[in-house]
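[1] My questions concern the predicted model and sequence given below.
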Amino acid sequence: MTEADQPEEENLSKFRSLNNDAIQSLLAMLDLSQGFTIAFAECNFWQDGVALVESLKEEIASDPEWEELQLESWEFNDPDLRYLLDELIKRLETLPRQEGKKLVLVLSGLENAIGVVGEYPPFLVDLNFVRDAYARLAPHPVVFVLPDYAITRVANFAPDFWAWKSEVFKFKTSTEARDFAFDKINSDRILGNYLKPEKQERIDLLHRLLMEASPSGSDPDSNRNAASQMNILIQLGSTYHSLSEFNQAINFYDQALSLARKLGDRNGEASSLCNLGSTYDALGQYQQAIHFYQQSLEIFKEIGDRKGEASSLCNLGSTYDALGQYQQAIHFYQQSLEIFKEIGDRKGEANSLGSLGSAYRSLGQYQQAIQFLQQQLEITKEIGDRNGEANALCNLGNAYGSLGQYQQAIQFQQQSLEIFKEIGDRNGEAISLGNLGIAYYSLGQYQQAIQLHQQSLEIKREIGDRNGEAISLGNLGIAYYSLGQYQQAIQLHQQSLEIKREIGDHKGKAASLKNLGLALKALGRRSESIEAFNASRKIYEELGLYHEIKGSDKSFAPLETVAKEPKRFELPDPPKRKRRKNLFQIIFVWLRRIWSKLWRRDQ
């Protein structure tokens with residue numbers, strides 16, 4: 001046995017010692033079963049599922065009592081799997097059978113098709129619908145190896161199939177397997193660096209850990225493992241947020257908040273409120289975000305958490321910034337900056353300086369903005385914060401772009417892009433590419449801008465950032481509009497709008513409608529463009545974003561005005577071209593005027 005095999009052998013030995021009774025009970029049930037029989041084996045971690053299969057095989061091989069069993073273990077890891085019975089039939093057709101032995105099928109990996117959220121996944125709908133056919137087409141005992149949460153979903157969304165089960169066998173997890181899972185989710189890796197499949201794998205692992213901390217059927221009033229549960233719920237919320245699945249994020253943050261209040265954990269309560277504020281902010285629901293940030297700020301003040309207080313102030317500033325209330329935003333940013341300086345938090349200080357720079361840029365005070373952003377850059381370099389340095393360079397690029405110094409802007413964005421690539425921050429890389437696209441667009445280099453926005457779009461899709469994907473589609477739409485390719489622009493803005501609606505981003509939805517209106521207007525589709533413009537205006541007014549309407553196209557008239565005076569807001573027909581008079585006509589008119597004057601004088 002090699003050194004690499006030793007940990008696996010050790011894990012297998014520990015698993016068997018923890019679960020020997022459950023293993024024997026499962027084998028006894030399989031030995032007595034006749035025809036199609038269903039059993040569920042609850043294993044919350046993949047290591048446990050592997051150990052279970054190996055344990056069953058070893059027992060069958062070594063104990064004469066089970067020698068009449070032929071065990072076949074099949075994995076199904078495809079998340080898009082829908083028709084399990086069809087797959088079983090295909091495999092059974094080519095499976096070598098051992099004469100005189102009862103075939104037992106052990107199926108694992110199906111949790112990928114079952115999913116962790118959402119009602120009635122297609123896999124379970126089909127499982128429930130064709131349940132009668134299993135007895136005829138797959139007449140063998142079947143063991144489904146699944147985590148707790150997946151078994152619960154089978155019971156909820158395939159109730160008729162679930163009713164046929166013989167038993168659910170629960171297998172305990174070794175401390176080592178649980179610790180390995182916790183170490184994996186608590187790594188220092190930035191969540192934005194995860195690819196979409198890695199985020200989905202992380203969500204699956206977190207759900208498994210949550211089931212370990214609070215198994216199905218446990219007392220809901222029990223505080224057992226409550227602190228661990230709260231940490232897992234917060235991490236689930238953060239991961240769903242990174243996938244732009246904001247409603248799911250809110251669901252888990254709400255659960256974490258309830259648990260923190262139940263435990264009297266004021267710090268956990270404030271952190272959960274902060275997370276809720278951040279998610280509502282991302283949804284464009286700014287008043288709701290402010291409500292949560294204010295609550296978190298009060299608690300952080302109450303418990304004397306100065307860093308938490310500064311972070312809440314910074315978050316409040318960000319929300320007022322998004323509302324266009326820049327002076328109010330600056331007020332909060334200044335307070336957060338003072339606290340970060342006071343407690344010696346250099347990273348927090350740099351973040352506050354960056355936020356101040358962005359607010360002054362929004363006010364059009366670009367030199368003031370650059371001063372703050374240069375300070376942010378200096379601190380990040382001083383403390384060796386490469387991610388912060390890249391963000392500062394990004395912000396400086398945006399500021400110089402606002403000044404019209406596009407080559408300088410490009411230089412800063414290129415530097416930020418190189419750092420993001422170096423540290424493996426795919427999200428940051430996509431943002432820098434998008435900013436470069438905007439700079440080249442401002443220079444009138446639309447094809448170059450399109451290439452950069454396309455690269456940004458690909459990364460956003462790769463990491464599962466739906467909000468970022470919608471932004472990139474919108475930027476592409478603007479570039480194609482400037483090229484006069486209005487139909488292409490319309491298609492891109494419609495795709496962006498669809499995503500914004502899907503994720504519930506109201507501000508983004510308004511921006512997409514506005515851009516869509518401009519493209520429709522360019523094609524002369526008058527009624528559609530007015531409809532898009534005013535749907536956009538209505539959302540901006542509901543959100544209190546009046547600065548987004550000010551100075552915009554006249555089609556942004558109040559809805560009731562458009563209803564009363566539709567003609568006034570119709571796009572005018574192209575002006576008729578006046579016929580220019582030739583030289584002979586001009587001389588003739590001039591001579592006629594002179595003749596007329598002379599004639600009147602003679603009279």
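    In hand now; what should we look at? Residues are numbered from 1 along each chain as shown.
[2] The spatially most central residue of the chain - nearest residue in space that isn't next to it in sequence?
    A centroid search over the chain (CA atoms, centre = their mean) returns Leu243, at 1.8 Å, as the residue closest to the centre. Excluding its sequence neighbours, the residue lying closest to Leu243 (CB to CB, 6 or more residues apart in numbering) is Gly464, at 4.6 Å. In short, each C-beta sits where N, CA and C put it, glycine included.
[3] neighbours around the one you found, how many?
    20 (other CB atoms under 10 Å).
[4] State the distance from it to Ile114.
    Separation of Gly464 from Ile114 (CB to CB, to the nearest Å) stands at 20 Å.
[5] what does Gln255 give?
    Gln255 is 21 Å from Ile114, by CB to CB.
[6] neighbour count winner among those two?
    Ile114 (23 against 19).
[7] how about that one, phi and psi?
    Dihedral pair for Ile114: phi -70, psi -40, per degrees, to the nearest 10.
[8] can you tell me which residues contact it?
    If you count contacts by CB atoms under 8 Å, 6 or more residues apart in numbering, Ile114 has them with Pro121, Phe123, Leu124, Leu146, Ala150, Arg153, Val154.
[9] Excluding chain neighbours, what is closest to it?
    Ala150 (4.6 Å).
[10] ok, now Leu323?
    Tyr286 (5.4 Å).
[11] What of Asn351?
    Cys314 (6.6 Å).
[12] these two touch, right, that neighbour and Ile330?
    No. Taking CB atoms under 8 Å as the definition, Cys314 is not a contact partner of Ile330, at 11.7 Å.
[13] Overlap in contacts, those two.
    In contact with both Cys314 and Ile330: no residue, using CB under 8 Å, 6+ apart.
[14] Between the two, which has more neighbouring residues?
    Cys314 (24 against 19).
[15] With only the CA atoms kept, save the helix or strand hosting that one in CSV.
    Element membership for Cys314, per DSSP states H and E: helix 306-322. Extracted in CSV, the C-alpha atoms of helix 306-322 (Å, rounded to 0.1, in the frame of the first residue of the first chain):
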residue,chain,number,x,y,z
ARG,A,306,-15.6,50.3,15.7
LYS,A,307,-14.7,48.4,12.6
GLY,A,308,-18.2,47.2,12.0
GLU,A,309,-19.4,50.8,12.6
ALA,A,310,-17.1,52.1,10.0
SER,A,311,-18.1,49.4,7.5
SER,A,312,-21.8,50.2,8.0
LEU,A,313,-21.1,53.9,7.4
CYS,A,314,-19.3,53.1,4.2
ASN,A,315,-22.2,50.9,3.1
LEU,A,316,-24.6,53.7,3.8
GLY,A,317,-22.4,56.1,1.8
SER,A,318,-22.5,53.6,-1.1
THR,A,319,-26.2,53.5,-1.1
TYR,A,320,-26.7,57.3,-1.0
ASP,A,321,-24.1,57.4,-3.8
ALA,A,322,-26.3,55.1,-5.9
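[16] In that helix, which of the residues would be classed as buried?
    For helix 306-322, the neighbour count (16 or more other CB atoms under 10 Å) marks 308-322 as buried.
[17] Can you tell me what sits against it?
    267, 270-271, 274, 277-278, 281, 284, 286, 289-290, 293-294, 296-297, 299-301, 326, 328-333, 335-336, 339-340, 342-343, 345, 348, 351-352, 355, 358-359, 362, 507.
[18] Quick check: mean pLDDT of that helix?
    Throughout helix 306-322, pLDDT has a mean value of 94.
[19] before we move on, the earlier item: could the contacts of Ile114 go into TSV alongside neighbour count and pLDDT?
    Below are the contacts of Ile114 laid out as TSV (neighbours: other CB atoms under 10 Å; pLDDT from 0 to 100):
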residue	neighbour count	pLDDT
Pro121	19	89
Phe123	25	94
Leu124	26	94
Leu146	24	93
Ala150	26	91
Arg153	24	92
Val154	23	94
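[20] and those as JSON lines, adding secondary structure and distance to Ser73?
    JSON lines is the format used below for those (DSSP: H, G, I helix; E, B strand; the rest coil; distance: CB to CB, whole Å):
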{"residue": "Pro121", "secondary structure": "coil", "distance to Ser73": "23"}
{"residue": "Phe123", "secondary structure": "helix", "distance to Ser73": "19"}
{"residue": "Leu124", "secondary structure": "helix", "distance to Ser73": "22"}
{"residue": "Leu146", "secondary structure": "strand", "distance to Ser73": "14"}
{"residue": "Ala150", "secondary structure": "helix", "distance to Ser73": "17"}
{"residue": "Arg153", "secondary structure": "helix", "distance to Ser73": "22"}
{"residue": "Val154", "secondary structure": "helix", "distance to Ser73": "19"}
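[21] any idea which of the residues you listed is closest to Lys500?
    Among those, Pro121 lies closest to Lys500 (CB to CB), at 25.2 Å.
[22] The closest one and Val154 touch, don't they?
    No. The pair Pro121 / Val154 is not scored as a contact, 10.1 Å apart, by CB under 8 Å.
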